[in-house]
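Trainee: Any chance you could fold what I've pasted below:
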Amino acid sequence: MLSKRQFLSAALGAVILAGTANGPGRADDKTMTISGSGGAVAEIAQKVYLGPMQEETGITVKRVGTEAKRMAQLEAMVRSGKVLWDAMEVSASDYPIGVKKGLFEPIDYSIVDPDHKLPDSARKKYGVGAAAFSLVLAVRTDKLPAGKQMTSWADFWDVKAFPGPRALRNRPQDNLEFALLADGVAPGDLYKVLATPAGIDRAFNKLDQIKPHITAWWKAGSQAVQLLSDGEVFYSTSYNGRITKLAASGVPTEIVWNGGALHLSLVGIPKGAGHVDLAHQYIRYRAMNPARMREYIKLLPYPGFAPGLYDGLDPQVARTLPTYPDNLNAQFAANEEYWADHIDAIQERWDEWLLR
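Mentor: Predicted coordinates:
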């Protein structure tokens, strides 16, 4: 087994090789490098953001595809003082880890958002919300009892009024929050309640009530969609983008935004980055440009909070997006910092609970 030192050394070696393969990226002060997802996401980013940004500003942005080991690579670079990235995509779950380890530069909002037009949830100290997705309640409308509509987690828990098979994701995150919402906790109090042992007990006690009616605990987003599509379950959690596509395909499904869990994808700056000034310009372009974000939405339904985003956007499209004002106001912001601090103990309890 590799020691932590050996692991970080290996990760750094991989980063240096990747940086070499993608060219020096430091030849002039108008070239920067970002770390992000590869594949189709990288192609869309190049088309929608990176190419247009270079044309408009003269800043060349080189993208390095990094996935599962991104945070290990980042830590290796920061610890060695050889930071090859100027900006990077940061998942909501990775963000608190990076903050605790001191791996990010603070964001200068006088550059990125001087007029404070972004919501506070997107203005984190070390990262800016650039895209959002939601884990929501999805309903097969053709399976609802006549004359009834499911509108809340309390309804999801009400198996007498809304009989039928159900599915939830196989993890404690989100499910504990949904259980507390079903039990009458206000969205703004969720993490205050979960911060206490009694609050966690309350969530699990509420989950005890619905557990016999959960016929599937899904792990992959595609599994939830398939269960709904085949009619194996009538009600399930799922990702907003997948349900929008499912409904567009002709399967009678709809999203219940009330009580949905909003998750953010952030953009941050590695500690010790060589071009912090360019990184701030990139982040501003990525998070604050409504015209570019509208183009992005056409290809991936995961918008950020760019001011004016919904001006001129097709109303039918707008209403399917998680940051649309009505949808945004109906949801709660998932607190990844809470889960980073508590997941180990709660995960152990969750695993034991599922086996009972």
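Trainee: buried residues in stretch 72-92?
Mentor: Residues of stretch 72-92 classed as buried: 72-79, 83-92 (neighbour count, 16 or more other Cβ atoms under 10 Å). Quick note: C-beta positions are derived from backbone N, CA and C, even for glycine.
Trainee: can you check stretch 345-354 too?
Mentor: 346, 350.
Trainee: Pull the residues that contact that stretch.
Mentor: Stretch 345-354 is contacted from outside by 170-172, 176, 200, 204, 207, 217, using Cβ atoms under 8 Å, 6 or more residues apart in numbering.
Trainee: Relative to the whole chain's centre, how far out is it?
Mentor: 23 Å (Cα atoms, centre = their mean, to the nearest Å).
Trainee: Check stretch 289-302 too.
Mentor: Distance of stretch 289-302 from its chain centroid, counting by Cα atoms, centre = their mean, is 16 Å.
Trainee: Give me the packing partners of the strand of greatest length in the chain, helices and strands only.
Mentor: Scanning the chain for the strand with the most residues, using DSSP state E, yields strand 253-268. Helices and strands touching strand 253-268, by 3 or more Cβ pairs under 8 Å, 6 or more residues apart in numbering; DSSP states H and E, are strand 87-91, helix 94-100, strand 127-140, helix 175-182, helix 240-248, helix 276-288, helix 325-330, strand 332-333.
Trainee: Need these in CSV (columns: mean pLDDT and distance to Leu309).
Mentor: As requested, the helices and strands packed on strand 253-268 are exported to CSV (pLDDT from 0 to 100; distance: least, Cβ to Cβ, whole Å):
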stretch, mean pLDDT, distance to Leu309
strand 87-91, 95, 19
helix 94-100, 94, 22
strand 127-140, 97, 11
helix 175-182, 98, 26
helix 240-248, 94, 16
helix 276-288, 97, 10
helix 325-330, 95, 10
strand 332-333, 95, 18
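Trainee: Tell me which of these lies nearest to Ser121.
Mentor: strand 332-333 (4.7 Å; Cβ to Cβ).
Trainee: after the closest one comes which helix or strand?
Mentor: helix 336-355 (DSSP states H and E).
Trainee: The longest strand of the chain pairs with which strands?
Mentor: Each strand paired with strand 253-268, and its direction, by DSSP bridges: strand 87-91 (antiparallel), strand 127-140 (antiparallel), strand 332-333 (parallel).
Trainee: got these as TSV, with distance to Pro212 columns?
Mentor: Shown next, in TSV, are these (distance: least, Cβ to Cβ, whole Å):
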stretch	distance to Pro212
strand 87-91	33
strand 127-140	19
strand 332-333	26
